[in-house]
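Q: For reference, the sequence and a predicted model appear below.
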Amino acid sequence: MPRAYQISPDHPAVDYLVRLHGDLGGQIDSNRKEAKPLAEAMKHVEAVIKLFDPAYNVSRIAMRRRNRKNKWFPRGTMVRAMFDVLKAAEGPLTTREITVRVLAARRDQPHVCRYPPRGRRHPR
């Protein structure tokens, strides 16, 4: 005989639904064109969470940000490149010098800085 489905606040589906709610909130924030359908989907998820736990406070669920991938520096390569520059340096470097050297090493050619040195301003 099949067992009756029992809804409880301790059900593992609640944790998944909370994560899904946060993901939908992050998608709404990053994609304004589809905000209305995503907001409707979020309301459906809230309703299902309320089925499991009517006392659950859905306003406390934080939106999850989507990290955009950087095509120049895949995950973890920036720190390695920075440490390589610092190891090869003969003395302390400023943040700007580290940046210029990392970009020059990344492009495998001398870096020509497009920005004026500090203290100078663009002519207006």
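A: Yes, it's here.
Q: Please make it C-alpha for all contacts and neighbour counts, starting now.
A: Will do.
Q: buried stuff in the helix or strand that contains residue 85?
A: Assigned by DSSP states H and E, residue 85 falls within helix 77-88. Applying a neighbour-count criterion of 16 or more other Cα atoms under 10 Å, one finds 81, 85, 86 buried in helix 77-88.
Q: Likewise for stretch 14-30?
A: Neighbour-count burial for stretch 14-30 [16+ other Cα under 10 Å]: 14, 17-29.
Q: likewise stretch 33-48?
A: If you call a residue buried by 16+ other Cα under 10 Å, then stretch 33-48 has these buried ones: 35, 38, 39, 41, 42, 45, 46.
Q: Show me this protein divided up by domain.
A: Following automatic domain parsing, one gets these domains for the chain: 12-60, 69-118.
Q: now the longest one: mean pLDDT?
A: Which is domain 69-118. Rounded to a whole number, the mean pLDDT of domain 69-118 is 77.
Q: And the first one, by the same measure?
A: Per-residue pLDDT over domain 12-60 has a mean of 83.
Q: pretty sure residue 11 contacts residue 53?
A: No: Residue 11 is beyond contact range of residue 53, at 9.1 Å (criterion: Cα atoms under 8 Å).
Q: neighbour-wise, which of these two wins?
A: Higher neighbour count among residue 11 and residue 53: residue 53, with 16 against 12, using other Cα atoms under 10 Å.
Q: next one: phi and psi at that one?
A: With angles defined as degrees, to the nearest 10, residue 53 shows backbone torsions of phi -140, psi 100.
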